[in-house]
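Undergrad: Turn this into a structure:
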Amino acid sequence: MKDMIPSRKEKGFTLIELVMVIVILGILAAFALPRFADFSGDAKDATIRGAIGSVRSAAQIAHAAYLADGTTPATVQLDGTSIDMSTNGYPLAVPGATEAGIETAAQLSGEFSTSGTAGDTSADFIFADQDGDTASNDCGFSYNQSTGAVTILDDGDGVVCN
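TA: A predicted model of the protein is given here:
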């Protein structure tokens, strides 16, 4: 005698299995989301640290070219661009309208605004956000043409850009 109840093959997932998968994904998302939610501060920090490295390198390369040319040239050539030098042999911090200084030598983008006027021996480079507003007054670095030194504008918390 054959079984009175025909055998059925089940296809798909049960409602309980689907709910458990959704709950597990929700728990994983709750732990992962705060870790990946806000990278804008890290991105600003990396941008400024990259710019600082570029300025330091450009200042040293320009200084080496200055020394190689006999310590008296008013300009040096970097990548086909004439960079105006200070009397100490480092690129100008704030060049005049027709001169090229450290900003050109380091190939800084328009994300940085420069403080100071032509003839100043140092300048602050402040990072601006995508709207063009400065992020904060301590979000940048300072360059000194007398020594080629670059210092981070920091409020003491160890974070470059808050």
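
Undergrad: For the residue nearest in space to the middle of the chain, which non-adjacent residue is spatially closest?
TA: When CA atoms, centre = their mean is applied to the chain, the residue found nearest the centroid is residue 47 (0.2 Å). If the residues on either side of it in the chain are set aside, residue 47 comes closest to residue 127, at 6.4 Å by CB to CB, 6 or more residues apart in numbering. Heads up, the C-betas are built off the backbone N, CA and C, glycines and all.

Undergrad: same thing with residue 126?
TA: In this structure, residue 126 finds its nearest non-sequential neighbour in residue 140, 4.1 Å apart by CB to CB, 6+ apart.

Undergrad: now swap in residue 62 and tell me
TA: Nearest non-adjacent residue to residue 62, counting by CB to CB, 6+ apart: residue 91, 4.9 Å away.

Undergrad: Surely that neighbour touches residue 64?
TA: No - with contacts counted by CB atoms under 8 Å, residue 91 stays clear of residue 64, the gap being 11.9 Å.

Undergrad: Show me the strands paired with the helix or strand of the chain with the lowest mean pLDDT, marking each as parallel or antiparallel.
TA: Ranked by mean pLDDT, DSSP states H and E, the weakest helix or strand in the chain is strand 112-114, scoring a mean of 82. Taking DSSP bridges as the criterion, strand 112-114 forms sheet pairs with strand 122-127 (antiparallel).

Undergrad: Of residue 91 and residue 64, which one has the most company?
TA: Neighbours per residue (other CB atoms under 10 Å) separate residue 91 from residue 64, with residue 91 holding more: 30 against 12.
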